[in-house]
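Participant: A structural model of the following input is requested.
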Amino acid sequence: MAYLRSYGAAEVVTGSCHVLYLDRGPTIMVDCGMYQGSVEKRNFKPLGFNPKDIDILLITHAHLDHVGRIPLLVKEGFRGRIFALRSTMDLAEVVLLDSANLMEEEFRTRFRKALRIGKEKRVRKPLYTVDDVKAVFDMPIEYVEYDKSVNLAKGVKARFRSAGHILGSGTIEVEFKEKGVAKKIVFSGDLGNRNDMVMKEPAVVKEADTLFIESTYGDRNHKGIRESEIEFKQVITETLLEKGSVLIPSFAIERTQEILCILKKMYDNKELPECKIFLDSPMAIRATRLYDLYHEELSKCCNDFLKRDGSIFEFPYLHYTLKPEESKKINAEDSCIIIAGSGMCTGGRILHHFKHRLWSDKNALLFVGYQAKGTLGRRIIEGARRIKVYREEIAVRAHVHTINGFSAHADQNGLIEWMEGFERVGKVCLIHGEYDKQKVFKKAIFKRMGKKAHIVAPGEKIFV
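Facilitator: Numbering: from 1, shown residues only. As a prediction, the model looks like this:
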């Protein structure tokens, strides 16, 4: 009998990795992502399965916690076929190369320091290298399109539906027959927020024998988008008028593009005080250009910008800083907006700007995305008064704001409303969520839909 095991994103948000074992058919993996935050040490533990046994890899989208261990999968023997949208793989290449470069750089730094004290053999090697990433894109990749069925093997089909989360994000339906009985398994992927300015709404799915649904925000509802936009504008305007700067740690994919759209609207409506806006993230800059390239997947708002300006995101106040020396010059700027990675403040150029601006109460720190347990971003929003940046203690005096209405994830209402669109759904299994939040979501599903849901445990065998 067909069954599934989750080797990641079970009772935690990150590390997406789910394997579907068919009785008479291929072994299908959905995602192979990296753990982040307090559970990131799991990345260096065994995968829990033999990569050589995986016949097919389906990719829901290109966020690191969904694609981040694919180079390791290939490195350890995966030789199957990959199915994904072309936009997904283009974004994944940006994400994975950035990840590999960061790990290699960190290894070199630690190795040099260890060498001086004769402990170089204790330094752990990177999970994978740039060459390992390149090997992924030498694999057989079959590009799919939304809503079109593709044959995975004899009697086994898949269909990708738009999940409205980020560029190229998909909900995946897998159909097969078991002892003559047709079955459909649905993986929600990460579902988007219906009020997203950049992405279209998640597509409707009609039926599933077993539904594996994400639950990142299953315990809460976001602020309304209009309320969040008003709050965002207020923080920006008040800080700039007081001659302060606004620091926005932002994920390179989706969140950055949405923030740019809002700032561009403010500029169009003459609501934005004159200032310089720095997109200080090479990864975000490359991702933004891919959003322009695959604009047909985006919202009407984005395509209206494109028709009018020849670019979705660019406007006179916006400056891209690709090179490190360009980033350093921002230190001399007063009263500006700095959008930089990483989104959870675990590395990247945002730390450089923390060092120079976080200690001043005339500045503002604006969080617009999820902060996982164990990350620096989470510590700051939970009230840390001092942090360490590059081994230097920095006081947190900047005004800290958290606006979750811009989340690229559906909230509790959004998740349940999406499920209510099904004409038929059998088992409901919760993945991609912190356990305490999943318990809240489970109760909400029963209250709203009268349906029992199951929280998937790591490695648990789920018959489908």
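Participant: just the strands in the stretch 201-350 of the chain please.
Facilitator: Under the criterion DSSP state E, counting those that start in this stretch, the stretch 201-350 of the chain contains strands at 207-214, 246-249, 277-280, 318-320, 337-340.
Participant: The ones you listed: which one's closest to residue 181?
Facilitator: Residue 181 lies closest to strand 207-214 among the strands of the stretch 201-350 of the chain, at 9.3 Å (C-beta to C-beta). For glycine as for every other residue, the C-beta is placed from the backbone atoms N, C-alpha and C.
Participant: helices or strands up against that closest one?
Facilitator: Applying 3 or more C-beta pairs under 8 Å, 6 or more residues apart in numbering; DSSP states H and E, one finds that strand 207-214 makes contact with strand 181-187, helix 412-420, strand 424-431.
Participant: And stretch 278-285, how far out from the chain middle?
Facilitator: Centroid separation for stretch 278-285 versus its chain: 16 Å, with C-alpha atoms, centre = their mean, to the nearest Å.
Participant: can you tell me the distance between the two ends of it?
Facilitator: Looking at stretch 278-285, the gap from its leading to its trailing residue is 11 Å under the measure C-alpha to C-alpha, to the nearest Å.
Participant: what residues does that stretch touch?
Facilitator: Contacts of stretch 278-285 from elsewhere in the structure, counted by C-beta atoms under 8 Å, 6 or more residues apart in numbering, are 94-95, 98, 250, 252-253, 256, 260, 288, 318-322, 327, 330, 333, 336-341, 348-349, 353.
Participant: circling back: could the helices and strands packed on strand 207-214 go into TSV alongside mean neighbour count, distance to residue 10 and mean pLDDT?
Facilitator: As requested, the helices and strands packed on strand 207-214 are exported to TSV (neighbours: other C-beta atoms under 10 Å; distance: least, C-beta to C-beta, whole Å; pLDDT from 0 to 100):
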stretch	mean neighbour count	distance to residue 10	mean pLDDT
strand 181-187	19	13	97
helix 412-420	19	17	97
strand 424-431	20	6	98
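Participant: Generate a markdown table for the ones you listed, with distance to residue 72 as supplementary columns.
Facilitator: Shown next, in a markdown table, are those (distance: least, C-beta to C-beta, whole Å):
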| stretch | distance to residue 72 |
| --- | --- |
| strand 181-187 | 21 |
| helix 412-420 | 30 |
| strand 424-431 | 20 |
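Participant: And these: which comes nearest residue 382?
Facilitator: The stretch from the helices and strands packed on strand 207-214 with the least distance to residue 382 (C-beta to C-beta) is helix 412-420; that distance is 21.6 Å.
Participant: That closest one to strand 207-214, inter-axis angle?
Facilitator: For helix 412-420 against strand 207-214, the angle between stretch directions is 160 degrees (axes from the mean of the first three to the mean of the last three C-alpha atoms, to 10 degrees).
Participant: just use 627 as the starting number from now, easier for me
Facilitator: Yep, numbering from 627; the last one is helix 1038-1046 now.
Participant: who does helix 1038-1046 touch, helix- and strand-wise?
Facilitator: Contact analysis of helix 1038-1046 by 3+ C-beta pairs under 8 Å, 6+ apart lists strand 833-840, helix 1061-1075 as its packing neighbours.
Participant: With just CA atoms, put the last one into PDB.
Facilitator: Spelled out, that is helix 1061-1075. Below are the C-alpha coordinates for helix 1061-1075, written out as PDB (Å, rounded to 0.1, in the frame of the first residue of the first chain):
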ATOM      1  CA  TYR A1061       4.100  21.800  16.700                       C
ATOM      2  CA  ASP A1062       2.400  24.200  19.100                       C
ATOM      3  CA  LYS A1063       0.900  26.200  16.200                       C
ATOM      4  CA  GLN A1064      -0.200  23.000  14.400                       C
ATOM      5  CA  LYS A1065      -2.200  22.000  17.500                       C
ATOM      6  CA  VAL A1066      -4.100  25.300  17.300                       C
ATOM      7  CA  PHE A1067      -4.600  24.800  13.600                       C
ATOM      8  CA  LYS A1068      -5.900  21.300  14.100                       C
ATOM      9  CA  LYS A1069      -8.600  22.500  16.500                       C
ATOM     10  CA  ALA A1070      -9.500  25.400  14.100                       C
ATOM     11  CA  ILE A1071     -10.000  22.900  11.200                       C
ATOM     12  CA  PHE A1072     -12.300  20.700  13.300                       C
ATOM     13  CA  LYS A1073     -14.200  23.700  14.500                       C
ATOM     14  CA  ARG A1074     -14.700  25.300  11.000                       C
ATOM     15  CA  MET A1075     -14.900  22.100   8.900                       C
END
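Participant: Counting neighbours, which bits of stretch 704-713 end up buried?
Facilitator: For stretch 704-713, a neighbour-count test (16 or more other C-beta atoms under 10 Å) marks 704, 706-711, 713 as buried.
Participant: In the stretch 677-826 of the chain, where is pLDDT below threshold?
Facilitator: Low-confidence segments of the stretch 677-826 of the chain, defined by pLDDT under 70, are absent.
Participant: What segments of it are strands?
Facilitator: When assigned using DSSP E, counting those that start in this stretch, the strands of the stretch 677-826 of the chain occupy the ranges 682-684, 707-711, 767-770, 776-779, 782-788, 796-804, 807-813.
Participant: Listing partners with orientation, what would you give for the third one?
Facilitator: To tie it back to what came earlier, the one meant is strand 767-770. Taking DSSP bridges as the criterion, strand 767-770 sits next to strand 707-711 (parallel) in its sheet.
Participant: coming back round to it: any chance of the buried residues of stretch 704-713 in JSON lines, plus distance to residue 1088?
Facilitator: What follows is the buried residues of stretch 704-713, written out as JSON lines (distance: C-beta to C-beta, whole Å):
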{"residue": "704", "distance to residue 1088": "22"}
{"residue": "706", "distance to residue 1088": "22"}
{"residue": "707", "distance to residue 1088": "24"}
{"residue": "708", "distance to residue 1088": "24"}
{"residue": "709", "distance to residue 1088": "22"}
{"residue": "710", "distance to residue 1088": "24"}
{"residue": "711", "distance to residue 1088": "26"}
{"residue": "713", "distance to residue 1088": "30"}
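Participant: ok, so of the residues you listed, who is nearest residue 829?
Facilitator: Closest approach between these and residue 829, by C-beta to C-beta: residue 711, at 13.1 Å.
Participant: That closest one bridge partners, please.
Facilitator: Under the criterion used (DSSP bridges), residue 711 bridges to residue 770.
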